[in-house]
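In: I would like to see how this sequence folds:
(one chain, ligands or ions: 1)
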Amino acid sequence: MSDGAKHSLLSPSSSNRWIACPPSARLTENYQDASSSYAAEGTQAHSVAELKLRHKLGQASVPPSCDNIEMAEYTDDYVAFVTEQMEGLTNPKLFVEQKVDCSRWVPECKGTCDALIVSEGVLQIIDLKTGRGVKIDAEGNGQLRIYALGALELFGFLYPINKVRMSIFQPRLSNCSTWEMSREDIEKWAVEALKPAAELAWYGNGNYKAGEHCRFCRAKAKCRERAKANMALAAYDFTDPALLENDEIATILGKIDGLVSWASDVKDFALLEALKGVRFAGWKLIKGRSNRKYTDETAVAEAVKCLGLDPYEHKVLGVTAMASLLGKKRFEETIGALIEKPQGKPALVPATDKRQEIYITTAADDFADPIEN
Ligand code: SF4
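Out: Residues are numbered from 1 along each chain as shown. So this is what the prediction gives:
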């Protein structure tokens with residue numbers, strides 16, 4: 001799924017941020033986006049996925065070739081997922097890379113849906129995400145909602161649509177998330193939440209609000225509001241008694257991830273600025289520690305071989321690299337039985353996390369009287 005203009009001010013992909021913090025849009029409009037090799041890989045995967053779907057629809061005579069085994073497989077999985085979604089729908093029609101115009105709700109907002117299924121009663125948009133970073137949830141996803149609204153503009157009067165389904169297909173994290181809303185609810189959200197936030201954001205109005213969304217903001221290191229929100233922990237009332245109570249530790253735990261991520265954003269930013277010649281009072285740039293390294297690996301290997309010794313270490317590839325080498329099917333058939341997934345290290349996460357809780361029995365539980373008096 002791609003946003004219409006490359007640097008559109010109110011892009012659907014950043015909507016969760018500018019809906020929560022409208023003035024962030026104008027604040028960051030002149031910041032440069034960093035391009036990455038991951039983005040190039042994502043573009044390639046989307047082209048392969050598009051051509052596969054078009055081939056399936058009879059719009060392309062030959063299927064696309066793809067040398068990357070992993071990409072070839074996960075784009076096949078995507079095509080299978082899109083096809084499955086059409087089952088059980090009445091007169092479904094699939095549109096691939098469908099352009100939508102969302103400017104009724106968000107100024108100058110256009111985009112392209114990876115896959116859009118329109119049927120009698122149901123409209124579904126499917127977004128292929130090829131990243132390995134974080135799992136993206138379809139629930140509460142502003143980007144999917146905005147594209148769905150654009151799709152309703154296009155097809156809403158042609159088909160009697162009353163349900164909107166929005167799916168994220170993220171094969172490299174085995175994540176497939178679908179969220180459904182009634183057409184009435186999504187249009188209500190557009191009127192009550194989206195349009196007012198878009199107007200504030202467009203004119204640079206509204207209040208700054210720090211939160212989870214800050215990590216995708218280009219001003220995240222320099223933003224005063226984010227700094228204020230994080231520094232508020234320093235104002236915590238650490239008075240008596242000398243040791244913190246468990247309730248206080250629980251409060252601090254809830255703030256630590258945000259604090260750590262803000263602190264590292266500020267440090268990274270300051271280092272980059274210092275490397276450009278900016279000076280921060282009381283700080284200086286130094287050379288970090290470094291390890292020795294070879295200037296020419298081939299020459300080193302040859303020299304060691306001349307001594308009759310083996311200069312190489314031989315190691316079996318890691319599981320992810322091996323899966324890429326063999327492809328999912330061959331990986332399962334050949335070495336699937338030799339793979340185990342050890343228990344993960346225990347971690348303390350917020351109670352709202354969806355993973356299953358580990359219950360630890362304490363000594364107090366052992367002595368608890370099972371009979372209630
Ligand atoms: S860092 Fe957070 S609070 Fe600051 S402008 Fe960006 S989104 Fe808003």
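
In: which residues of the protein lie near the ligand?
Out: 17, 21, 24, 27, 208-210, 213-214, 217, 219-220, 223, 225-226 (C-beta under 6 Å from any ligand atom). The way it works is simple: take the backbone N, C-alpha and C, and place the C-beta from them, glycine included.

In: what about those, which one has the most neighbours?
Out: S24 (28 neighbours; other C-beta atoms under 10 Å).

In: burial measure for A363, as a count.
Out: A363 - counted by other C-beta under 10 Å - has 7 other residues nearby.

In: what's the per-residue pLDDT of it here?
Out: pLDDT recorded at A363 is 70.

In: would you mind measuring from it to the ligand?
Out: 45 Å (C-beta to the nearest ligand atom, to the nearest Å).

In: kindly report the same for V164.
Out: 27 Å.

In: now do E297
Out: Distance from E297 to the ligand, by C-beta to the nearest ligand atom: 43 Å.

In: swap in P171?
Out: Distance of P171 to the ligand, given as C-beta to the nearest ligand atom: 30 Å.

In: ditto for A72
Out: 38 Å.

In: in helices, which of the residues of the chain next to the ligand fall?
Out: Counting by DSSP state H, the part of the residues of the chain next to the ligand found in helices is 17, 24, 27, 225-226.

In: tell me the two of these that are most distant?
Out: Spatial extent of these (C-beta to C-beta) is set by the pair R17 and E225 at 12.7 Å.

In: same for the biggest helix by length in the chain, what does it pack against?
Out: Across the chain, the longest stretch assigned as helix under DSSP H is helix 246-275. Packed against helix 246-275 by the contact rule (3 or more C-beta pairs under 8 Å, 6 or more residues apart in numbering; DSSP states H and E) you find helix 224-231.

In: which parts of the helix it packs on are buried?
Out: For helix 224-231, the buried set under the neighbour-count rule, 16 or more other C-beta atoms under 10 Å, comprises 225-226, 229-230.

In: residues touching it, excluding its own?
Out: 21, 208-211, 214, 217, 220, 255, 258-259, 262-263, 266 (C-beta atoms under 8 Å, 6 or more residues apart in numbering).

In: cutoff 6 Å now
Out: 208, 210, 214, 259, 262 (C-beta atoms under 6 Å, 6 or more residues apart in numbering).

In: again, but for stretch 323-342
Out: Outside stretch 323-342, the residues touching it (C-beta under 6 Å, 6+ apart) are 69-70, 73.

In: one more time with 8 Å
Out: Against stretch 323-342 from outside (C-beta under 8 Å, 6+ apart): 68-70, 72-73, 317, 319, 322.

In: those into a markdown table, with extra columns for distance to P342?
Out: Listed next are the contacts of stretch 323-342 as a markdown table, based on distance: C-beta to C-beta, whole Å:
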| residue | distance to P342 |
| --- | --- |
| N68 | 29 |
| I69 | 26 |
| E70 | 23 |
| A72 | 30 |
| E73 | 25 |
| L317 | 18 |
| V319 | 12 |
| M322 | 17 |
